[in-house]
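S.K.: next input, structure requested:
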Amino acid sequence: MQTIQKKGLTVKDLVTIGIFSALFLVFALVGGIFFAPNPVLTFYMPVGSALLCGPVYLLMLAKVQKRWAATILGAIMCIIWFVTGMHWAMALGYLIMGIVADLVAGAGRYRSKKINSLSYILLSLGGTASYLVFFADPDGWAKTMLGNGTEQSYIDTMRNTGTTWILVIMLAGTILAAAVSAFIGCKMMKKQFEKAGITK
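M.R.: Numbers count the residues shown, from 1 in each chain. This next block holds a predicted model:
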């Protein structure tokens, strides 16, 4: 039986990961663009992003059934969010959850739809990290974002509207949106999965 760990990542694999990482970023931006500019709706940015990126992520795993693919995706997202002035926690969240997602998908040898879908849900939670810090340490979060160029009025509105219920809705919404996105991705790419030997 051929094993997925027989050889490491090839140049072709790295190019494939790079292409899908770029697509993942585009879909994440498209999904979140309606929420991020609004200080009241910004908490739902991870939900919007999670709703669109599932098919991209699952197809990447179908194309590159090897360790490090999801980790590299998470690292690329980490770097992009950091250099574009997002809170450091969002960057770190994607990096950490990219590693976790990789380990989870690897447990299913990157060939299980269900486990790969769970892997995507976990990766999507990386986008909530900045908001988790906001609720845990609002003063520290505000100081960092002011240093990154965010307007005080934007931060004040977030602090006035951010409640525990919004935190719960954001986390539950992100999980639900990611699950729906992964389900749609599985249906869209059934033939591709069968070709790659991905099972239930």
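
S.K.: in space, what's closest to Met77 - neighbours in sequence excluded?
M.R.: Nearest in space to Met77, with sequence neighbours left out and distances taken as CB to CB, 6 or more residues apart in numbering, is Tyr94 at 4.1 Å. For every residue, glycine as well, the C-beta is placed using N, CA and C.

S.K.: would you double-check that the one you found falls in a strand?
M.R.: No - counting by DSSP: H, G, I helix; E, B strand; the rest coil, Tyr94 is located in no strand; its state is helix.

S.K.: gap between it and Met60?
M.R.: When CB to CB, to the nearest Å is applied, the distance between Tyr94 and Met60 equals 15 Å.

S.K.: which of those two has more residues huddled nearby?
M.R.: A direct count of neighbours by other CB atoms under 10 Å for Tyr94 and Met60 places Tyr94 higher, at 29 against 22.

S.K.: and the helix ranked longest in the chain, how far from the chain's centre?
M.R.: Criterion DSSP state H: the longest helix present in the chain is helix 164-188. Offset of helix 164-188 from its chain centre (CA atoms, centre = their mean, to the nearest Å): 11 Å.

S.K.: just checking, what packs against that helix?
M.R.: Judged by 3 or more CB pairs under 8 Å, 6 or more residues apart in numbering; DSSP states H and E, the packing partners of helix 164-188 are helix 45-63, helix 113-124, helix 129-136.

S.K.: compute the inter-axis angle for the longest one and helix 113-124.
M.R.: Interaxial angle, helix 45-63 versus helix 113-124 (axes from the mean of the first three to the mean of the last three CA atoms, to 10 degrees): 140 degrees.

S.K.: mind checking how far the residue nearest the centre of the chain is from Phe134?
M.R.: The chain has Ser124 as the residue nearest its centroid, 3.4 Å off, counting by CA atoms, centre = their mean. Distance, Ser124 to Phe134, by CB to CB: 18 Å.

S.K.: lowest-pLDDT helix or strand in the chain?
M.R.: Counting by mean pLDDT, DSSP states H and E, the weakest-scoring helix or strand in the chain turns out to be helix 190-196, with a mean of 73.

S.K.: C-alpha coordinates for it, PDB please?
M.R.: Taking Å, rounded to 0.1, in the frame of the first residue of the first chain, the C-alpha atoms of helix 190-196 are listed here in PDB:
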ATOM      1  CA  LYS A 190     -17.000  14.500  -5.600                       C
ATOM      2  CA  LYS A 191     -15.300  13.300  -8.800                       C
ATOM      3  CA  GLN A 192     -12.000  14.900  -7.800                       C
ATOM      4  CA  PHE A 193     -12.100  13.300  -4.400                       C
ATOM      5  CA  GLU A 194     -12.800   9.900  -5.900                       C
ATOM      6  CA  LYS A 195      -9.900  10.300  -8.300                       C
ATOM      7  CA  ALA A 196      -7.600  11.200  -5.400                       C
END
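
S.K.: packing partners for that helix?
M.R.: helix 45-63.

S.K.: now do the buried residues in the helix or strand following the helix it packs on.
M.R.: Moving toward the C-terminus from helix 45-63, the next helix or strand (DSSP states H and E) is helix 69-83. Neighbour-count burial for helix 69-83, with 16 or more other CB atoms under 10 Å as criterion, is recorded at 69-78, 80-82.
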